[in-house]
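J.: predicted model follows, preceded by the sequence.
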Number of protein chains: 2
Amino acid sequence: MGGETRGPEDGEFAKIRRLAALFGAQSAPGVTVGIGDDAAVLDPPPGRKLVWTVDAQVEGRHFRRAWMTFADVGWRSFVAAASDLASMGADPWCALGSLALPADVGDGELGELTRGQAEAALDVGCPLVGGNLTRAGELSLTTTLLGTVERAVLRTGAREGDGVWIAGAVGLAGAGLRALIRGDSAGELDAAVAAFRRPPVLFAQGRAMRRSAHAAIDVSDGLAQDVGHLASASGVAVVLDEASLTSHAGEALARAARALRERVLDLVLAGGEDYALVATSSEPIAGFTRIGDVEPGEGVWLRAGDGSRRPVGAPGFDHFGG
Amino acid sequence: MGGETRGPEDGEFAKIRRLAALFGAQSAPGVTVGIGDDAAVLDPPPGRKLVWTVDAQVEGRHFRRAWMTFADVGWRSFVAAASDLASMGADPWCALGSLALPADVGDGELGELTRGQAEAALDVGCPLVGGNLTRAGELSLTTTLLGTVERAVLRTGAREGDGVWIAGAVGLAGAGLRALIRGDSAGELDAAVAAFRRPPVLFAQGRAMRRSAHAAIDVSDGLAQDVGHLASASGVAVVLDEASLTSHAGEALARAARALRERVLDLVLAGGEDYALVATSSEPIAGFTRIGDVEPGEGVWLRAGDGSRRPVGAPGFDHFGG
């Protein structure tokens, strides 16, 4: 795809030429040299910081072919990486994709994978400008992205008294994943499965929060767990409001939860496949819903309708207890 | 290691904390946020271009555990990526490492892998400032690096009349790889095996050539093949001089070739494991050896002592004919 392929592999250079034709149609300001040399050459925009991340999606661990098309796999792999930039309030710039392909992934499947990557790259405005292609025993897609920002929103800045705000679905894609694992194709789960296959990247929401947010994180490992990282990094406690979470989750998740015989709240707290954004701010953020408060202390707490609280993740609280 | 780990995996966060302690000791100018947030935050040096690459090393394809220590694997994976920056005349800046670990790679092995990465990063002055950690069916290490440069040396600039210059061993690491594949542990092969396990990154040589070089490439797929890429990208022919190649290869490769019953010239032309640098320039380059000439035409040619020429890679020319 970009730079080069390691090891003289029959037909790999032909693959790279085809990928160059696919991705060469995309471009970004400041990209001086894209696919075709040892490395990409970029002119960074003056006066801005760079935000840089890498993420890997591995077959059998993050996805199965039976669950989605190769184009969906390409899309998801791109989104999983891009979400890290959105959560820092960054603007997307450009990306490199490193593909490891087992022998049973032929040119047709590779074309679908990269079409999904290219669709996501185009959708979020972050072109693929190079990469790497290698044979491997298992299929994996590793994506590294650069974004730019004036002031990055970190995990560490949450302040006591901040509200906790969320943008994007949470729990829905995780419900879709459960449906796929169980092989449950009930119509009530369609929205959930679609959410798993094609999560969006919330760059617009990231831009909306970066002016006022004191801290932010993207939800990739599960809402409870990632909010826990933010709380720990900031040295605060986060109290999440049950009713607000359930209300934010909405009707699509309620339907999916019924079909799966799971509790909505469990799906919400464990959900990490949607790549929602969570930010803390002392003022409302356009497009975000308030789901809790930053308080002195530590850990993540759940506030019930009667005002009582319990720690999230404490013994007895089982996300998938069902 | 950096940003985050996908999926709630027992003990992964403890791993990340240990890696943060290992890599946190390294730092680079302009790295505002390293390991521990969603992404690294960087202040690019004003007035310079960025050079950006990604490379993957996969067990069973690029290395086997029987051939080298886990620390060697970490070292080699870093060098394979860094070499792409050296060949563009760039200065190293910083790196992200994405590790995919099978179940039989425990904390001890992970510690060795990352020690090798950290040693290479320290050696070339390019600290690891983040990354990703995931479970997988097979071991792979994907490294993405940023370098900076005023003017990147591309593959495309070779001019008729340029000399072709090389820095670094070529063929020796490939000979070591053959020895490892064959299980041949003759003492004459020690230097070759060492060259495979711990290739250097030629940043100093890349800096030396960037002032005068018209084009350059790193030799990762084999000298003949990579020089062919440069010739093709520049629209020229490259004529390599047999005697100069043999002389540059030196006594260590001659010894290894005898032990392997291979021809020195075949090892040199096929050698791509050393990450040598090849540049074209109209003037000598300090630390480089002249091995040929840029001429009108296309393809890569070999000039014998009697002045006759034959195309490299044409039918009848078998790199491993033995």
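T.: Good, I have the coordinates. Residues are numbered from 1 along each chain as shown, chains lettered A, B, ... in the order given.
J.: pairing partners for the residue in the stretch 51-200 of chain A that chain B sits nearest to in the sheet, please.
T.: In the stretch 51-200 of chain A, the residue that lies nearest chain B is A:Thr53 (3.8 Å; C-beta to the nearest C-beta). Every C-beta, even on glycine, is put in place using the N, C-alpha and C of the backbone. With DSSP bridges as the criterion, A:Thr53 is bridged to A:Leu145.
J.: mind listing the strands for chain A?
T.: A:4-5, A:31-33, A:40-42, A:49-58, A:91-101, A:128-135, A:140-149, A:163-167, A:215-219, A:237-241, A:276-281, A:289-295, A:299-303, A:309-311 (DSSP state E).
J.: and the fourth one with strand A:140-149, angle?
T.: For strand A:49-58 against strand A:140-149, the angle between stretch directions is 160 degrees (axes from the mean of the first three to the mean of the last three C-alpha atoms, to 10 degrees).
J.: can you give me the offset of strand A:49-58 from its chain's centre?
T.: Mean C-alpha position of strand A:49-58 versus that of the full chain (C-alpha atoms, centre = their mean, to the nearest Å) differs by 11 Å.
J.: thinking again about what came up before, out of the strands of chain A, which gets nearest to A:Arg76?
T.: With C-beta to C-beta as the measure, strand A:49-58 is the member of the strands of chain A nearest A:Arg76 (6.5 Å).
J.: could you export the closest one as PDB, CA atoms only?
T.: Once non-C-alpha atoms are left out, strand A:49-58 reads as follows in PDB (Å, rounded to 0.1, in the frame of the first residue of the first chain):
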ATOM      1  CA  LYS A  49       0.000  20.100  18.000                       C
ATOM      2  CA  LEU A  50      -0.100  16.700  16.500                       C
ATOM      3  CA  VAL A  51      -2.100  13.900  18.000                       C
ATOM      4  CA  TRP A  52      -1.000  10.400  17.100                       C
ATOM      5  CA  THR A  53      -2.400   6.900  17.800                       C
ATOM      6  CA  VAL A  54      -2.200   3.300  16.600                       C
ATOM      7  CA  ASP A  55      -4.800   0.500  17.000                       C
ATOM      8  CA  ALA A  56      -4.900  -3.100  15.800                       C
ATOM      9  CA  GLN A  57      -7.900  -5.200  15.000                       C
ATOM     10  CA  VAL A  58      -7.200  -9.000  14.900                       C
END
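J.: coming back round to it: mean neighbour count added to the strands of chain A, as CSV?
T.: Below are the strands of chain A laid out as CSV (neighbours: other C-beta atoms under 10 Å in any protein chain shown):
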stretch, mean neighbour count
strand A:4-5, 24
strand A:31-33, 18
strand A:40-42, 26
strand A:49-58, 27
strand A:91-101, 26
strand A:128-135, 26
strand A:140-149, 27
strand A:163-167, 23
strand A:215-219, 28
strand A:237-241, 22
strand A:276-281, 29
strand A:289-295, 20
strand A:299-303, 20
strand A:309-311, 14
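J.: using JSON lines, lay out the ones you listed together with distance to B:Val312 and mean pLDDT.
T.: Shown next, in JSON lines, are the strands of chain A (distance: least, C-beta to C-beta, whole Å; pLDDT from 0 to 100):
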{"stretch": "strand A:4-5", "distance to B:Val312": "18", "mean pLDDT": "36"}
{"stretch": "strand A:31-33", "distance to B:Val312": "27", "mean pLDDT": "83"}
{"stretch": "strand A:40-42", "distance to B:Val312": "29", "mean pLDDT": "92"}
{"stretch": "strand A:49-58", "distance to B:Val312": "37", "mean pLDDT": "96"}
{"stretch": "strand A:91-101", "distance to B:Val312": "28", "mean pLDDT": "96"}
{"stretch": "strand A:128-135", "distance to B:Val312": "24", "mean pLDDT": "92"}
{"stretch": "strand A:140-149", "distance to B:Val312": "33", "mean pLDDT": "97"}
{"stretch": "strand A:163-167", "distance to B:Val312": "57", "mean pLDDT": "98"}
{"stretch": "strand A:215-219", "distance to B:Val312": "50", "mean pLDDT": "96"}
{"stretch": "strand A:237-241", "distance to B:Val312": "64", "mean pLDDT": "98"}
{"stretch": "strand A:276-281", "distance to B:Val312": "54", "mean pLDDT": "98"}
{"stretch": "strand A:289-295", "distance to B:Val312": "65", "mean pLDDT": "98"}
{"stretch": "strand A:299-303", "distance to B:Val312": "63", "mean pLDDT": "97"}
{"stretch": "strand A:309-311", "distance to B:Val312": "68", "mean pLDDT": "95"}
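J.: count residues in the vicinity of A:Leu180, would you?
T.: When neighbours are counted by other C-beta atoms under 10 Å in any protein chain shown, A:Leu180 registers 20.
J.: contacts only, for it.
T.: Counting by C-beta atoms under 8 Å, 6 or more residues apart in numbering or on different chains, A:Leu180 touches A:64, A:66-68, A:193, A:196.
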